[in-house]
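Asks: Fold the following for me, if possible:
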Amino acid sequence: MLIAGGWNAVWGQNDEGRPMRAVRQSSAYAYTPNLSAYAFLTTENSMLTEEVLSEPLTQYYIAQYSSAGGIAWLNSIMERGNIYMPFIMEEVAKRNLPPELAYLPVIESAFQITARSRSGAVGLWQFMMNSISPYDMKVTFFVDERRDFIKSTRGALQKLEDNYKTLGNWELALAAYNCGLGAATRASNKVKSRDYWEICKMNELKRETINYVPKFLAAAYILSQPRRFGIDIWRQSFKWTEIPLKRQVSIDLLASEAGVNVNLLRNLNAELLHGISPAGSFNLKAPVTHAEQINMTLEREDLKLIRYHYHVVRHGDTLWSMSRHYETPIELIEQHNPRLKNRYLQLGETIIIPAFKEVKPYERETVTYRFDGRHAIQKGDTLWSLGLKYNIDPQVLAEENGMELNSVLREGRTIKVPIIQ
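Replies: Numbers count the residues shown, from 1 in each chain. A predicted model of the protein is given here:
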């Protein structure tokens with residue numbers, strides 16, 4: 001029988017560069033969590049074998065996580081993870097993976113859906129930007145799908161499966177999730193072993209990775225025996241469903257009008273970077289208990305479910321300057337003002353600009369230009385790139401040269417450019 005106490009064996013190197021020895025220490029989503037849902041945590045493909053749990057470093061972390069402070073911390077994390085766990089557990093079971101993998105977000109992000117590491121990893125499963133392309137995730141002005149718990153969960157489990165197929169060992173596959181498949185493979189090849197514990201003892205992995213797997217195993221060991229350790233994961237069942245949106249909405253306004261907890265709706269749709277759904281198709285994830293109210297709210301054409309800035313055009317205003325001030329893409333301003341396309345702004349007209357954040361009052365720049373300069377068009381030049389080069393609004397540059405903002409510049413042509421006074 002394992003005892004939660006054990007050895008403090010923080011592998012690594014001491015000040016003299018030698019391996020450290022162990023030191024004795026004193027001691028509607030349609031899936032509903034219930035008692036039977038956690039039964040598969042003891043199935044034959046479990047990672048929680050007596051061998052790995054007997055490892056000194058695993059025993060050390062079992063002792064830490066089973067302390068009063070450790071249990072309080074795990075309870076807090078599992079409360080946050082309550083709305084995501086049914087889906088994660090179902091995905092793990094579908095793939096016939098070790099059931100404990102459902103608890104990896106405890107170590108990765110503490111179930112904080114918007115978590116961002118110092119290195120830029122994001123979401124429950126902490127994906128870096130350079131690692132998302134194989135897993136059907138994208139990042140745009142509107143969304144960061146590393147924060148989409150559906151896509152990121154499927155991506156993370158696929159990544160873990162791929163690591164396992166390459167390395168043939170779940171502990172090593174987890175290490176590769178932390179340090180990268182290349183680093184784990186090189187360490188394995190250098191030691192000429194696929195045994196994670198042996199590789200750790202030879203100090204061929206970085207300290208963070210050496211501790212990463214035992215920390216995960218310890219947390220999973222405790223969470224898989226909630227009653228024994230006092231983990232309160234038997235919470236009220238939570239179900240969610242997806243509602244296709246036909247128009248852009250602000251999560252905050254929709255929640256207020258439909259009587260839904262705004263934080264819950266935000267957490268279910270955390271991929272929305274500005275709290276506003278993108279143009280086009282988007283499936284809103286919502287609690288089943290409020291799906292009817294949300295649908296009724298969406299059907300009301302008299303309700304404005306997105307906030308706007310209202311900008312009255314004055315002399316010198318351009319779409320580019322408005323876009324920069326309100327931090328809203330030009331394409332989105334044009335989308336909400338369809339008559340703007342292919343014509344100049346008219347003094348006195350009101351432009352509707354979707355509000356992603358509070359901004360200070362619009363201040364017009366007092367810059368005068370003398371178009372005494374000349375620029376010979378080179379391959380790749382655009383009015384946008386020339387605007388940056390000469391520090392001028394591209395639309396002003398286009399007007400001065402009798403062109404449209406989207407005009408194609410012919411190589412060799414000479415145009416007027418400003419000298420700023």
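Asks: can you tell me the average pLDDT over the longest helix seen in the chain?
Replies: Using DSSP state H to define each element, the chain has its longest helix at helix 149-167. The average pLDDT within helix 149-167 is 97.
Asks: next one: it to chain centre, how far?
Replies: Remark: helix 149-167 is offset 16 Å from the chain centroid, using CA atoms, centre = their mean, to the nearest Å.
Asks: Extract the CA atoms of it and return them as CSV.
Replies: The C-alpha coordinates for helix 149-167 follow below in CSV (Å, rounded to 0.1, in the frame of the first residue of the first chain):
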residue,chain,number,x,y,z
PHE,A,149,-12.0,24.2,-24.8
ILE,A,150,-13.5,21.9,-27.5
LYS,A,151,-10.8,22.5,-30.1
SER,A,152,-7.9,22.7,-27.7
THR,A,153,-8.9,19.5,-25.9
ARG,A,154,-9.1,17.6,-29.1
GLY,A,155,-5.8,19.1,-30.2
ALA,A,156,-4.0,18.3,-26.9
LEU,A,157,-5.2,14.7,-26.8
GLN,A,158,-4.1,14.2,-30.4
LYS,A,159,-0.7,15.7,-29.6
LEU,A,160,-0.3,13.3,-26.7
GLU,A,161,-1.3,10.4,-28.9
ASP,A,162,1.2,11.4,-31.5
ASN,A,163,3.9,11.7,-28.8
TYR,A,164,3.0,8.2,-27.5
LYS,A,165,3.2,6.7,-31.0
THR,A,166,6.6,8.2,-31.5
LEU,A,167,8.1,7.4,-28.0
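Asks: tell me what that helix is packed against?
Replies: With contacts defined as 3 or more CB pairs under 8 Å, 6 or more residues apart in numbering; DSSP states H and E, helix 149-167 has these neighbours: helix 85-94, helix 170-179, helix 181-191. Just so you know, the C-beta spots here come from the backbone N, C-alpha and C atoms, and that holds for glycine as well.
Asks: rerun at 6 Å
Replies: Counting contacts by 3 or more CB pairs under 6 Å, 6 or more residues apart in numbering; DSSP states H and E, helix 149-167 packs against helix 85-94, helix 170-179.
Asks: ok, which stretches of the stretch 251-400 of the chain are helices?
Replies: Assigned by DSSP state H, counting those that start in this stretch, the stretch 251-400 of the chain shows helices spanning 251-258, 262-268, 291-299, 319-326, 330-336, 383-390, 394-400.
Asks: who does the host helix or strand of Lys416 pair up with?
Replies: Assigned by DSSP states H and E, Lys416 belongs to strand 414-420. Within its sheet, strand 414-420 is paired with strand 369-376 (antiparallel), according to DSSP bridges.
Asks: Give me the distance between the strand holding Lys416 and the centre of its chain.
Replies: Offset of strand 414-420 from its chain centre (CA atoms, centre = their mean): 43 Å.
Asks: for stretch 397-416, same thing?
Replies: The chain centre lies 41 Å from the centre of stretch 397-416; the measure is CA atoms, centre = their mean.
Asks: got it, and stretch 411-421?
Replies: Relative to its chain's centre, stretch 411-421 lies at 43 Å (CA atoms, centre = their mean).
Asks: Quick one, which of the helices of the stretch 251-400 of the chain gets closest to Ser109.
Replies: Nearest of the helices of the stretch 251-400 of the chain to Ser109, taken as CB to CB: helix 262-268 at 12.6 Å.
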